[in-house]
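A.B. asks: this one's sequence-less:
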């Protein structure tokens, strides 16, 4: 259940984000940010005993295949990590993806898609489609498989489904997008209105990440920015975002477009939650509650 009041831990984390992350990340180079993320990887808590991580080549894409004792071999999640298409890795998410494996009762394929600016669009999209086809080639049943992602990976989740549909490939049974970046043209009102209130993201730095991924493409290409696509026929989708994120309206407008197209979509806007707060599950009760909501959504949409 979405909480009306945020926890004390959430208040402390927001203050810490604002003081130590938002200020320190401002105007850093991509190499600086990547070095910072690599240092963070060593601090990420390992998954609990019983979690199994296999390193695989998923159709030419490096990936981690994560499972827990609750994971059914018949259920699969393709997970697309965030990081503005520029940073991030499966290793950075190892404290989180086992929780998704538990929540979805599935094996989670976390791919290391090629990153911008060295590999601009459509590299990440091509890698996501290749990984999905790899799952299908291993006899994954699309009716028991899901695509999920956060931030850039949330937008990539939606773009991947558009690409699969348009290519005549099987779609997943359901999808989940966490604080998704769906509009690389950056036209959402919250991008401006929440620039000060967002405790984590620096709005002034986002255009350079968008430009690095877009390359020579059009920012309003639906495979770049799924907000500008036609979502008709996409499967049931859960979208979660924080109320004062700069990307809040990327989530709200995407949900509205899907609803108007006749899609089954559930939008949850969580009060005062920072961008992709789910990653704070080891310490934040709202993160664990949001993951519980994901589990309930998937239970409602699949058998």
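C.D. replies: Nice, thanks for sending it over. The model shown is predicted, which means the values in this text are computed figures rather than measured ones.
A.B. asks: the helices in the protein, which residues?
C.D. replies: For the chain, the helices defined by DSSP state H cover 8-16, 23-25, 30-41, 94-104, 123-137, 152-166, 189-193, 206-214, 248-260, 285-301.
A.B. asks: helices or strands up against the longest one?
C.D. replies: Which is helix 285-301. In terms of contacts (3 or more CB pairs under 8 Å, 6 or more residues apart in numbering; DSSP states H and E), helix 285-301 is packed against helix 8-16, helix 94-104, strand 174-178, strand 237-242, strand 265-270. All C-beta atoms are positioned from the backbone trio N, CA, C, and that covers glycine.
A.B. asks: please redo it, this time with the cut-off set to 7 Å
C.D. replies: Applying 3 or more CB pairs under 7 Å, 6 or more residues apart in numbering; DSSP states H and E, one finds that helix 285-301 makes contact with helix 94-104, strand 174-178, strand 237-242, strand 265-270.
A.B. asks: Apart from its neighbours in sequence, what residue is nearest residue 72?
C.D. replies: residue 105 (5.3 Å; CB to CB, 6 or more residues apart in numbering).
A.B. asks: ok, now how distant is the one you found from residue 9?
C.D. replies: Per CB to CB, to the nearest Å, residue 105 is found 28 Å from residue 9.
A.B. asks: Same drill for the two, tell me which one is more crowded.
C.D. replies: residue 105 (18 against 14; other CB atoms under 10 Å).
A.B. asks: contacting residues around the more buried one?
C.D. replies: Counting by CB atoms under 7 Å, 6 or more residues apart in numbering, residue 105 makes contact with 70-72, 75.
A.B. asks: Rebuild these as TSV, extending it with pLDDT, distance to residue 216 and neighbour count.
C.D. replies: As requested, the contacts of residue 105 are exported to TSV (pLDDT from 0 to 100; distance: CB to CB, whole Å; neighbours: other CB atoms under 10 Å):
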residue	pLDDT	distance to residue 216	neighbour count
70	97	44	14
71	98	41	22
72	97	43	13
75	98	39	23
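A.B. asks: Residue 154 reaches residue 180, doesn't it?
C.D. replies: Yes: applying CB atoms under 7 Å as the test, residue 154 and residue 180 come out as touching, 2.8 Å apart.
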